[in-house]
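Asker: Got a predicted structure here, sequence first:
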Amino acid sequence: MNPLLVVGQLGVLALVGAVNPMVKGEYRVEHPKLNDLSELQSKLSANSYFESFQYRDQDEFRQNWVSSDLEMEHVDDTLSRAFPGEWKLEAPYLVPGFIDDLALVLGSSQTRAAIAHKFDTPVTVKSGEKFVVQYEVKLQKMLECGGAYMKLLKSSVSDLSQYDYSADDYALVFGPDSCSMYTNEVHLVLKRENPISGKWEDKYLADAPESGLDRPVTRLYTLILDSADETFEIRVDGEVVKAGSLLDQGTFQPPLSPPIEIEDPSASEPLDWDSRSMIPDPKASKPVDWDEDAPKWIPAPNSKKPESWDESIPEYIEDSSVSQPGWWDEEKDGRWIAPLVVNPSCNTEHGCGEWKPKMVENKKYRGPWKSPMVENPDYKGEWKAPLIKNPDYFEDTTPAEVTPISAISFDIWSTASDISFDNVYVGKSVEEAELIGNATFIPKSKLEQQELKGVIEDAGSEEVANAEDTSVKPEVQAPRNDPIGDILIRLDEKLQSMEWLQRFFTWFIGIDDFYKGVVISSIMVVIVSITCMGILKLMITVQGINLNAPSDNSKKEVEEKKLEQSSQKAVITESDTDTAASSGFSESSSKLLSKRIIQLQGDSDYDEELEISIIEEDPSDSEPEDN
């Protein structure tokens, strides 16, 4: 499993617990108590089984539902429970429907749990009858992998407390199963017996509908088998998601009926049967100049042993720092040999030990000669055993008449606990199943939807109120002695007012785990990148590094440029002095009023200077005297 996905899901669960007050037992809409179901029970057939789990106490519950106490023996002769998972009788707490509506709840995770109820009399389905199974499933925690399907056990089951669920002695399996990247479907498995061979085989529904285990609300699963026309129907929340004929080819895998003909198991391929499509050309022969013995690698012709190479000095010697252990017995362990190390005397210019020339690839190497392949004129194709009549063939025309059922069970392994099961119906009437669904599931589902709607509306109204009341100053309250509690309370209030965050987590919980991993990985990459840039900026600041400062080479160029400019200024000064003298101006006849040097920023790593001088001329010397 991806570790980032695990960390991300734990964080999501923690935030959902903080944002969602339903986890704390605080609800946003009024939830009534479940109505008395005795009137509903009276409308059902005496042969129908309906379980609402509204028991008075745990003892009554345990008398009707039996957990497995079967023990298994380990290789060290110790014993442990084969199905150690726990089961509870309690009301769901997340997105509730009715208040105090008890249900069968899985109390453990990451372990196999099994519980069952045995019928007073086995359920049988005769020709022309319907067989209906219906029950509710509700997730209260994020499910990464796990099943919520029901197993209907065959009549051979006796003691449920010691029943081995690993034997798969069931007649039918129905219900949702979700495990990311592996399965996400509503299972329908019929275990059918071959009356000729006496073997039982599982028949799996092909192209099964999706499980629907993706939301923390109650889901209703219904299976209808009609033996009158051998059809089936699967409903989720009362809507048909899969229907068809049980007898159609491709409905089940493997098919309900075995093949009419099979390959003869006693047949064998004839000795003269040639199944080779291509053979070596019998007319081809190896060329005369083809040398198969030529090696692929040969010593380099120009490779010679250096004159200073000393082969008399061994390349490896025994390690003198290691001595024979005290426990070493040469009579039992043999002669002790010290480990070898590289000879320090070999640290010469060319080395020591046995000298070997450098190996190069042999240009004359051609390898073993192989004849070219041609089509086989005697090719007969791939041999297949002849078909014979299947001695175990029979036609299963009544799959809806399931094997007699003595018990219903939940045999589950799940990564999430607190999966609840409620309102189980096993009977022969679609009308009864719909009656139960209308009386229990429909009002429960409406209450759950109202609760979810209230969560979004309350979060939105709080966010709007906070935005409108920004000008109102909060009341001054007395200081609290629990600063950590204050922080948690403020964080809880802030999270509850962030509608976008609640919507994000609602969307995040509903998407596939693969995309959850992609989202979490992307967020982690952004966080790590920002953190690295911050650390790098901090290190640069602490070290006092100026990224805009010129390099050493640039500084050298600046100094050379300044020296060059100084030389040019000196030459210009001398030239100006000569010019002034020749034109009648002199140092004494002019007065320097101001002088300014301006730094010019260039595109290079150094600056240029512009010197401006303002000189006042002597009026007496401004014009020459007339002769």
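Answerer: Cool, the structure landed.
Asker: gap between residue 305 and residue 30?
Answerer: Between residue 305 and residue 30 the computed distance is 99 Å (C-beta to C-beta, to the nearest Å). Any C-beta I mention is one placed from the backbone N, CA and C, and that applies to glycine too.
Asker: Which one of the two is surrounded by more residues?
Answerer: A count of neighbours by other C-beta atoms under 10 Å puts residue 305 above the other of residue 305 and residue 30, at 11 against 8.
Asker: Checking that one next. Helix, strand or coil?
Answerer: coil (DSSP: H, G, I helix; E, B strand; the rest coil).
Asker: contacting residues around it?
Answerer: 355, 357 (C-beta atoms under 8 Å, 6 or more residues apart in numbering).
Asker: before we move on, what about residue 405?
Answerer: Contact partners of residue 405, counting by C-beta under 8 Å, 6+ apart, are 119, 122-124, 152-155, 171-172, 426.
Asker: Out of these, list just those in strands.
Answerer: Judged by DSSP state E, the contacts of residue 405 include 119, 122-123, 152-154, 171-172, 426 as members of strands.
Asker: can you put those in TSV and add distance to residue 291?
Answerer: Listed next are the ones in strands among the contacts of residue 405 as TSV, based on distance: C-beta to C-beta, whole Å:
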residue	distance to residue 291
119	85
122	83
123	83
152	76
153	76
154	75
171	74
172	73
426	83
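Asker: Of the residues you listed - the most surrounded one?
Answerer: Ranked by the number of neighbours (other C-beta under 10 Å), the ones in strands among the contacts of residue 405 place residue 153 first, at 27 neighbours.
Asker: distance of that one from residue 175?
Answerer: Distance of residue 153 to residue 175, computed by C-beta to C-beta: 14 Å.
Asker: what's the answer for residue 244, then?
Answerer: Computed as C-beta to C-beta, the residue 244 to residue 175 distance reads 19 Å.
Asker: Show me how this protein divides into domains.
Answerer: With domains defined by automatic domain parsing, the chain comprises 19-260+397-452, 559-620.
Asker: Of those, which stretch is the most buried?
Answerer: Among the domains of the chain, ranked by average contacts under mean count of other C-beta atoms under 10 Å, first place goes to domain 19-260+397-452 (a mean of 17).
Asker: and it, what's its mean pLDDT?
Answerer: Averaged across domain 19-260+397-452, pLDDT comes to 92.
Asker: Wasn't residue 450 part of a helix?
Answerer: Yes. Assessed with three-state DSSP, residue 450 lies in a helix.
Asker: and the gap between the nearest residue to it once chain neighbours are set aside and residue 101?
Answerer: Excluding its sequence neighbours, the residue lying closest to residue 450 (C-beta to C-beta, 6 or more residues apart in numbering) is residue 29, at 4.8 Å. The gap separating residue 29 from residue 101 is 15 Å, by C-beta to C-beta.
Asker: do the same with residue 78
Answerer: Taken as C-beta to C-beta, the span from residue 78 to residue 101 is 41 Å.
Asker: same thing with residue 275?
Answerer: According to C-beta to C-beta, residue 275 and residue 101 sit 68 Å apart.
Asker: With residue 33 instead?
Answerer: Relative to residue 101, residue 33 is positioned 8 Å away (C-beta to C-beta).
Asker: next one: residue 27
Answerer: Plainly put, residue 27 is 13 Å away from residue 101 if you go by C-beta to C-beta.
Asker: for residue 142, same thing?
Answerer: Taken as C-beta to C-beta, the span from residue 142 to residue 101 is 22 Å.
Asker: now do residue 282
Answerer: In terms of C-beta to C-beta, residue 282 sits 84 Å off from residue 101.
Asker: cool, residue 238 as well?
Answerer: Distance, residue 238 to residue 101, by C-beta to C-beta: 19 Å.
Asker: How about residue 124?
Answerer: Going from residue 124 to residue 101 by C-beta to C-beta gives 32 Å.
Asker: And residue 390, by the same measure?
Answerer: In this view, residue 390 and residue 101 are 53 Å apart by C-beta to C-beta.
Asker: and what of residue 409?
Answerer: Residue 409 is 22 Å from residue 101, by C-beta to C-beta.
Asker: Ok, residue 229 next?
Answerer: 37 Å.
Asker: Then residue 507 would be within a strand, right?
Answerer: No. Using three-state DSSP, the secondary structure at residue 507 is helix, not a strand.
Asker: per-residue confidence at it?
Answerer: We have a pLDDT of 71 for residue 507.
Asker: what about it, neighbour count?
Answerer: 10.
Asker: Could you do the one 10 residues further on as well?
Answerer: Using other C-beta under 10 Å, residue 517 is surrounded by 19 other residues.
Asker: Any idea how far the helix or strand harbouring it is from the middle of the chain?
Answerer: Using DSSP states H and E, residue 517 maps to helix 513-543. Its chain's C-alpha centre and that of helix 513-543 lie 21 Å apart, by C-alpha atoms, centre = their mean, to the nearest Å.
Asker: Show me what the mean pLDDT comes to for that helix.
Answerer: In this model, helix 513-543 has an average pLDDT of 84.
Asker: Flag every buried residue along it.
Answerer: Within helix 513-543, the residues scored as buried using 16 or more other C-beta atoms under 10 Å are 513, 516-517, 519-520.
Asker: out of these, who's nearest residue 223?
Answerer: residue 513 (27.5 Å; C-beta to C-beta).
Asker: Any idea how far stretch 278-297 is from the middle of the chain?
Answerer: The answer for stretch 278-297 is 54 Å, by C-alpha atoms, centre = their mean.
Asker: CA atoms only for it - export them in PDB, please.
Answerer: Below are the C-alpha coordinates for stretch 278-297, written out as PDB (Å, rounded to 0.1, in the frame of the first residue of the first chain):
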ATOM      1  CA  MET A 278       9.400 -24.300 -39.500                       C
ATOM      2  CA  ILE A 279      12.400 -26.600 -39.700                       C
ATOM      3  CA  PRO A 280      16.200 -26.100 -40.500                       C
ATOM      4  CA  ASP A 281      16.900 -26.100 -44.300                       C
ATOM      5  CA  PRO A 282      18.100 -29.600 -45.000                       C
ATOM      6  CA  LYS A 283      19.900 -28.300 -48.200                       C
ATOM      7  CA  ALA A 284      21.900 -25.700 -46.400                       C
ATOM      8  CA  SER A 285      25.500 -26.400 -45.400                       C
ATOM      9  CA  LYS A 286      28.100 -24.500 -43.300                       C
ATOM     10  CA  PRO A 287      30.400 -22.300 -45.400                       C
ATOM     11  CA  VAL A 288      34.000 -23.500 -45.700                       C
ATOM     12  CA  ASP A 289      35.500 -20.400 -44.100                       C
ATOM     13  CA  TRP A 290      33.100 -20.500 -41.100                       C
ATOM     14  CA  ASP A 291      35.300 -21.100 -38.000                       C
ATOM     15  CA  GLU A 292      33.000 -22.100 -35.000                       C
ATOM     16  CA  ASP A 293      36.100 -22.500 -32.800                       C
ATOM     17  CA  ALA A 294      37.200 -18.900 -33.100                       C
ATOM     18  CA  PRO A 295      36.900 -17.300 -29.600                       C
ATOM     19  CA  LYS A 296      34.800 -14.100 -29.200                       C
ATOM     20  CA  TRP A 297      37.600 -12.400 -27.200                       C
END
